[in-house]
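In: Predicted structure and sequence below. I'll ask about it afterward.
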Amino acid sequence: MRPSDRARRLSAAAILLAAAAFPAAAADKPCTGADKAFDGVTSWAALQKAVADYGHCDKGPTADVVTEALLRVIISGWPKIAEAGPILDKDAAFKSWLNRRLSSPDLDTRDTAEIRDLAKASCPKGQDKVCSEILSAVEMGRAISAPDLMALPPTTTAPAKKP
């Protein structure tokens, strides 16, 4: 074996080893500070950053803090919904997280009803795309958790006349 072949094989082995270790390192990212990061969220940009830094911690007791932050940004911050558009257009991972979170059957039905009402009746001019994406995700979750809320009211038909 020539020395250059051996060096290439060793380099390739080192790269493969590093690549194999990277996902494990990402999965072991600490969650220390996650609650504090989400507690301070009041804007779409801050929510995006908190999700990028601590989205992997969105489970257990931290999930409640994440839910509060999400609801604070969407419901309380509804007048600033225009901030969401550019973020959702550029950050596919955040958009996927948001869709998954909004379609979760774990969200309280009162909160999803309020988000749905805002997206349907109070969508600011020019924000139809963002409102429709939010509405779609919320309605998916409502269909899963409370299908009776999505059902159309029964129609009544007049009895058939006898000839």
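Out: Okay, I see it.

In: which intervals of the protein have sub-threshold pLDDT?
Out: 1-28, 145-163 (pLDDT under 70).

In: quick one, what contacts the residue nearest the centre of it?
Out: When Cα atoms, centre = their mean is applied to the chain, the residue found nearest the centroid is L98 (1.5 Å). Residues near L98 by Cβ atoms under 8 Å, 6 or more residues apart in numbering: 70, 88, 137. The C-beta positions use only the backbone N, C-alpha and C, and glycine is treated the same way.

In: can you rerun that using 6 Å?
Out: Shown in contact with L98 (Cβ atoms under 6 Å, 6 or more residues apart in numbering): no residues.

In: so it, which of the three states?
Out: When classified by DSSP: H, G, I helix; E, B strand; the rest coil, L98 comes out as helix.

In: Could you measure from it over to D39?
Out: Plainly put, L98 is 19 Å away from D39 if you go by Cβ to Cβ, to the nearest Å.

In: With G60 instead?
Out: Distance, G60 to D39, by Cβ to Cβ: 16 Å.

In: do the same with P30
Out: For P30, the distance to D39 - Cβ to Cβ - is 17 Å.

In: likewise R100?
Out: Distance, R100 to D39, using Cβ to Cβ: 21 Å.

In: one step back: between P30 and D39, point out the one with more neighbours.
Out: Each of P30 and D39 has its neighbours counted (other Cβ atoms under 10 Å); D39 has more, 13 against 9.

In: quick one, phi psi at that one?
Out: Here is the backbone geometry of D39 (degrees, to the nearest 10): phi -60, psi -30.

In: repeat for G77
Out: phi -100, psi 20.

In: What is the neighbour count of it?
Out: Per other Cβ under 10 Å, the neighbour tally for G77 reads 17.

In: what's the answer for Q48, then?
Out: Q48 has 24 neighbours, counted by other Cβ under 10 Å.

In: Distance from the helix or strand encompassing it to the middle of the chain?
Out: Secondary structure from DSSP states H and E places Q48 in helix 44-54. What separates the centre of helix 44-54 from the centre of its chain is 11 Å, taken as Cα atoms, centre = their mean, to the nearest Å.

In: What's the first helix or strand after that helix?
Out: Next along from helix 44-54, by DSSP H and E: helix 61-71.

In: For that following helix, buried residues please.
Out: 62, 65-67, 69-71 (16 or more other Cβ atoms under 10 Å).
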